[in-house]
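Engineer: All I have is the shape, not the residue letters:
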């Protein structure tokens, strides 16, 4: 990346609730970071204006600090056509065919890259994080949903229509629960953090006052997937059953991914991966049991946390400088 120590990329990772923003050097070091609310309920036009205003502010901050902003990277959820620079569809922020790259480049006058949030996170983990020593990496983010990024030679595959990496919608349980996409038995409907919590609540049943026995207390906050994992580790039978179901389904999905991509390393990120050995130990065994002639990948936790998407946005921006 042909930039000097005073040059930085302006990077924004846009989510439905908030935006993680940073000025990032070519070495991956964050020179400045800040967060802003997305306020998606205001509508897509307002969100676009917020993105552009925040990006302008970051570029101004860089100049005020004696740095030179050389490129802008923005990543968003949903379906992204990176070649055209268009946010095709995003339920979280209401985008429908928004030419975000063109709008941002015109506003800031900087080379601009638009990418997908999970693919950008995978790119960052592959180059700077847990997969940095591997040429072939599958990054899997397990949170409210499940999505993935296949990174080869430091480049994340986008697919023909900008929708590559939807590992969460591999069919793993034909008779399983309905997924948010409308299909029955998707990996996401069985092994995501939200699905683990929901399954536990369904099995534990209602309380005498009509609430859910999975509620944590007077505020009736549903038991989270992390709490289900902790209860399973403590030996609770029902939590152990739910956790085992999720691990088995996730192993099925990862085995399919390994058959398709033949990667050296699988990096797991997102909330569920924070269960640590309680997830990784049984998952490694279950995945190994499903592999025949396929090489067993190294299975490791992500290390960049919620900065991964923003760092990935910066990498996309810096790569833009090297693209003719």
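Structural biologist: Everything's here; your move. Please read these numbers as outputs of a predicted model, since none were measured by experiment.
Engineer: number of nearby residues for residue 248?
Structural biologist: Using other C-beta atoms under 10 Å, residue 248 has 18 other residues around it. Every residue, glycine included, has its C-beta placed from N, CA and C.
Engineer: helix or strand for it, which one?
Structural biologist: Per DSSP states H and E: residue 248 is located in helix 237-261.
Engineer: pLDDT averaged over that helix, what's the number?
Structural biologist: Summarised as a single mean, pLDDT over helix 237-261 is 97.
Engineer: Just checking the distance from that helix to the centre of its chain.
Structural biologist: 18 Å (C-alpha atoms, centre = their mean, to the nearest Å).
Engineer: Which elements pack onto that helix?
Structural biologist: strand 136-142, strand 146-152, helix 187-191, helix 193-204, helix 225-233, strand 265-269, helix 277-290 (3 or more C-beta pairs under 8 Å, 6 or more residues apart in numbering; DSSP states H and E).
Engineer: Let's see that with 7 Å instead.
Structural biologist: With contacts taken as 3 or more C-beta pairs under 7 Å, 6 or more residues apart in numbering; DSSP states H and E, helix 237-261 sits against helix 187-191, helix 193-204, helix 225-233, helix 277-290.
Engineer: Could you report the distance from the residue positioned nearest the centre of the chain to residue 167?
Structural biologist: Nearest residue to the geometric centre of the chain (C-alpha atoms, centre = their mean): residue 118, 3.6 Å. Residue 118 is 10 Å from residue 167, where distance means C-beta to C-beta, to the nearest Å.
Engineer: just residue 24 next, same as before
Structural biologist: 27 Å.
Engineer: what's the answer for residue 265, then?
Structural biologist: Counting by C-beta to C-beta, the gap from residue 265 to residue 167 is 15 Å.
Engineer: what's downstream of the helix or strand hosting residue 62, the next helix or strand?
Structural biologist: Assigned by DSSP H and E, residue 62 belongs to helix 44-64. Using DSSP H and E, the helix or strand that follows helix 44-64 in sequence is strand 68-76.
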